[in-house]
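[1] Sequence unavailable; structure follows:
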């Protein structure tokens, strides 16, 4: 991995450091745009929301122009009441003063343990150094600063042309299902120098998230801090991308590719995961039905276990689809595993003996289900579950 | 365990044997009522239903009077198409001929592997011996005949007075979450000699199931064969129990106790389970919300792991309630673990250090959540998850 491969878009700087919220690893990150950037952000749907999520949502209701995103890891600042809100605002205020911008131009995120007040001292002490460290090469340090239990960095970058102008999209993410007590967050920030309307950003990010971040599952648990943000500063100087047309399509396609790559990395980094599961459902009565079926398969513990064991157990897959709430006609159901048809028209097709079958033996597994009832389609990204998941989530020390 | 403790109600006989669907263990069971019994049955809501479930539902739409229930284990007769239906009817027909009753007076259940045609030969060969073996003492053999991966028998019995007459309720069940490839079924049959109207039976069983079988979860997967049946032959000769009044209350209370005991046994027998989790949610905005919250806690892998590790991790519980879809106000949320308040009005109360805390260290764990938003209440029964669950469900041989 080198910084050249993953460059920040024009006008963006980043910085990352260890300030002392965590014992040793980097725990503070800053992303800064020289020109104010339009921001679109989606937050967790969990009713229990961390303080920075509450503050961020309120800010975005009033304004969608920001200069920087400040993130700490090691503490989620969640279930911390009024003091938590005060701490988030203090972080934004201190960073704003150092950057010489307004407090409301800083978006703050936190990830880490739930139910503990923020260690404000090390953050406040570290901020001047963090701001001083801002550079185009700071991307990797910033990426390290947002990580908690991640086993590897998650960065994805695309460079493409819009009307002859070079546009860059670069995203960083953290998340690996849930490891260690209360650690439970997916954070993703995508930066672009594209000149794009706010409406077009909302549309592109909504559609991209649908097929990627909203389709992935590691253990079915939803975090209190999940945040996905897209920031665009327009410095590529392309003619404005609106909600329609060819330039929108190009932008969305690249945004979706970045989201997909980051989502895949998060799933692959799932705790104790050994295999990546690509789930594609088609032929459902409706899109909502397709989603139910895909999520039903993705979240089935029995399916995850079968894949860990390398068993093309189509019965468990059919059963999880049947239990998903989607309309299913067992007589029309088709199940294809790693390209091999196992069930068609409700009849068993493949005579492959389970033990000797090559199906589900690789690191990447493909489950295709056709309900043959309509045109609804959906995808889901999942991973298997191993004994390591149980160990990581139960026998931790606190 | 002795047969005296668990006697069948008046007029009921039972029998169990090994016929050869399975290699060694008993695989065939018959329950017979000398006088035709009224039957109320609830079946799986999975859209993929086994042949005996399809046949049973059709029978019960036309008629609710039965003479016998025939059950095989070792094969679920599911995803077996028309041939599966024919096999179920052939089983009922053969048993009916031997018992000298009509085919439509026999309810058939199957449990075991999915997607394999029934081994009809051993069943047909075994049936005469099974019928010959019918006796009041046959209860334990019959109970063994319906078991698959169960580690222990599940029987519950109650004797009580209604209008001076002795009434007996005896139930048997099988189920242990899901072990082994495709084994995935909860079966429960409850027999009573009570004289009770069909409407009263429906009402009592609906209300009892709500708080027991419908509240339990082992791994969130729903089987293709789940069946709960109540059969009443009236031989206690009490004056008819209708939908209301004191005798209905007594009957329902006892039925619910039998259901609760059986449901607890099934959860305790969850694959690799080491602890039983009793979940009680109150103060929800509605009953539906309370149920969502209770199920959200019950199905959270992170909560299950924390309990395995003996960690009173209230953060995970609060987060799972927040993610459940129920209306939650974090500032009002109260979390009580094994009687110890950990969170009240959104503030951390207990200063118990996790490691040294006695909370969540026993075999029975109690989670109470009060949302302080209304009067909605619900319960859920769950168990923890251990590495053994993963091992049992992945590294099986087929």
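    Nice, I can see it. All figures in this text were calculated on a predicted structure; none of them were measured in a lab.

[2] domain assignment for chain A?
    Using automatic domain parsing, the domain ranges for chain A come out as A:12-268, A:276-394.

[3] surely residue A:314 meets residue A:338?
    No. Counting by C-beta atoms under 8 Å, residue A:314 stays clear of residue A:338, with 11.3 Å between them. In this view, the C-beta of every residue, glycine as well, is placed from N, C-alpha and C.

[4] Of these two, which one has the most company?
    The residue with more neighbours, out of residue A:314 and residue A:338, is residue A:314; 27 against 18, by other C-beta atoms under 10 Å in any protein chain shown.

[5] Mind telling me what element the nearest residue to the more buried one once chain neighbours are set aside is part of?
    Excluding the flanking residues, the one nearest residue A:314 by C-beta to C-beta, 6 or more residues apart in numbering or on different chains is residue A:342, at 4.0 Å. Per DSSP states H and E: residue A:342 is located in strand A:340-344.

[6] which residues in chain A form strands?
    Using DSSP state E, the strands of chain A run over A:12-17, A:28-43, A:65-75, A:106-113, A:154-162, A:165-174, A:187-192, A:227-232, A:276-284, A:334-337, A:340-344, A:347-348, A:364-370, A:376-383.

[7] before we move on, the earlier item: mind listing what's buried in the strand holding residue A:342?
    By neighbour count with 16 or more other C-beta atoms under 10 Å in any protein chain shown, strand A:340-344 contains the buried residues A:340, A:342-344.

[8] Stretch A:16-27 too?
    Within stretch A:16-27, the residues that count as buried by 16+ other C-beta under 10 Å are A:16-22, A:26-27.

[9] Pull the residues that contact it.
    Stretch A:16-27 is contacted from outside by A:28-30, A:72-75, A:112, A:118-119, A:121-123, A:125-127, A:129-130, A:133, A:138, A:140-147, using C-beta atoms under 8 Å, 6 or more residues apart in numbering or on different chains.

[10] So how do I select the buried members of those in PyMOL?
    Buried subset of the contacts of stretch A:16-27, written as a PyMOL selection, criterion 16+ other C-beta under 10 Å:
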select buried, chain A and resi 28+29+30+72+73+74+75+112+118+119+122+123+126+127+130+133+138+140+141+142+143+144+145+146+147
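
[11] returning to what we had before: adding pLDDT as columns, could you present the buried residues of stretch A:16-27 in JSON lines?
    Compiled in JSON lines, the buried residues of stretch A:16-27 are given as follows (pLDDT from 0 to 100):
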{"residue": "A:16", "pLDDT": "98"}
{"residue": "A:17", "pLDDT": "98"}
{"residue": "A:18", "pLDDT": "98"}
{"residue": "A:19", "pLDDT": "97"}
{"residue": "A:20", "pLDDT": "96"}
{"residue": "A:21", "pLDDT": "95"}
{"residue": "A:22", "pLDDT": "93"}
{"residue": "A:26", "pLDDT": "96"}
{"residue": "A:27", "pLDDT": "96"}
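
[12] Return the member of those nearest to residue A:245.
    Closest approach to residue A:245 among those (C-beta to C-beta): residue A:16, at 37.3 Å.

[13] Touching, the residue nearest to residue A:314 and residue A:336? I think so.
    Yes. Residue A:342 lies in contact with residue A:336 (C-beta under 8 Å); the separation is 6.9 Å.

[14] what's near enough to touch residue A:384?
    Neighbour list for residue A:384: A:273-275, A:277, A:304-305, A:307-308, A:365 [criterion: C-beta under 8 Å, 6+ apart].

[15] same question, residue A:186
    Per C-beta under 8 Å, 6+ apart, neighbours of residue A:186: A:173-175, A:213, A:223, A:226-228, A:266.

[16] can you pick the most crowded of those residues?
    Using other C-beta under 10 Å as the neighbour test, those are led by residue A:175, with 31 neighbours.

[17] measure that residue to residue A:72 for me?
    15 Å (C-beta to C-beta, to the nearest Å).

[18] mind checking how far the spatially closest residue to residue A:358 that is not a sequence neighbour is from residue A:278?
    In space, and not counting its chain neighbours, residue A:358 is closest to residue A:338: 7.5 Å by C-beta to C-beta, 6+ apart. As for residue A:338, its distance to residue A:278 is 10 Å (criterion: C-beta to C-beta).

[19] which residues are in contact with both of the two?
    Counting by C-beta under 8 Å, 6+ apart, the shared contacts of residue A:338 and residue A:278 are A:365-366.

[20] what residues are up against residue A:123?
    Residues in contact with residue A:123 (C-beta under 8 Å, 6+ apart) are A:19, A:21, A:28, A:72, A:91, A:94.

[21] The fifth one contacts residue A:109, correct?
    Think residue A:91. No. Under the criterion of C-beta under 8 Å, residue A:91 makes no contact with residue A:109, lying 9.9 Å away.

[22] any residues in contact with both of those two?
    Residues touching both residue A:91 and residue A:109 (C-beta under 8 Å, 6+ apart): A:70, A:72.

[23] picking up where we left off before, give me the distance between the residue nearest to residue A:358 and residue A:359.
    Counting by C-beta to C-beta, the gap from residue A:338 to residue A:359 is 4 Å.

[24] Need the residues touching each of the two.
    Residues within reach of residue A:338 and of residue A:359 at once, by C-beta under 8 Å, 6+ apart, are residue A:312.

[25] Stretch A:377-393 spans what distance, first to last residue?
    One end of stretch A:377-393 to the other measures 34 Å (C-alpha to C-alpha, to the nearest Å).

[26] same question but for stretch A:99-111, I mixed them up
    Chord length of stretch A:99-111, first to last residue, is 23 Å (C-alpha to C-alpha).

[27] Please say whether there is contact between the longest helix along chain A and chain B.
    Longest helix in chain A by number of residues (criterion: DSSP state H): helix A:245-268. No. Using C-beta under 8 Å from any C-beta of the partner chain, helix A:245-268 never reaches chain B; the gap is at least 15.3 Å.

[28] Perfect, that will be all.
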